[in-house]
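> using only what follows, build the 3D model:
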Amino acid sequence: MRAVGGCVATKKKRPVDINSLAASIVADAIGEGTAEDLGGKDPAAVALGRKGGLKGGKARAAKLSKRQREEIATKAAKARWQKK
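Here you go, the predicted model:
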């Protein structure tokens, strides 16, 4: 660490793997984020998962009957109250 303008700057930790290191250097040079920003996940897969997650609950609720929804809600309420 070294002081820069009265603040302490921390050095960015670089990956050990040569391919990840090269990708990190290129991303820094062109000003883009890396896959590490997404926790090492593929950005395309993250986008697809988010799309499915946004419509999954509504689609599931549309398929269930009123009685099935009530049973699920009752079970969830019991589980919440039993935690304490």
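> mind listing the strands for this protein?
Per DSSP state E, the chain carries strands over the ranges 2-4, 7-9.
> pick out the shakiest of those strands, pLDDT-wise.
Note on these: strand 2-4 shows the lowest mean pLDDT, a mean of 55.
> tell me where this structure has helices.
All helices of the chain, identified by DSSP state H, fall at 18-30, 43-63, 66-82.
> quick check: mean pLDDT of the last one?
With pLDDT averaged residue by residue, helix 66-82 scores 94.
> what angle do that helix and helix 43-63 make?
Put simply, helix 66-82 runs at 110 degrees to helix 43-63, going by axes from the mean of the first three to the mean of the last three Cα atoms, to 10 degrees.
> what residues sit buried inside helix 66-82?
Residues of helix 66-82 classed as buried: none (neighbour count, 16 or more other Cβ atoms under 10 Å). From N, CA and C alone the C-beta is placed, and that goes for glycine too.
> got the contact list for it?
Contacts with helix 66-82, where a contact means Cβ atoms under 8 Å, 6 or more residues apart in numbering, come from Ala61, Leu64.
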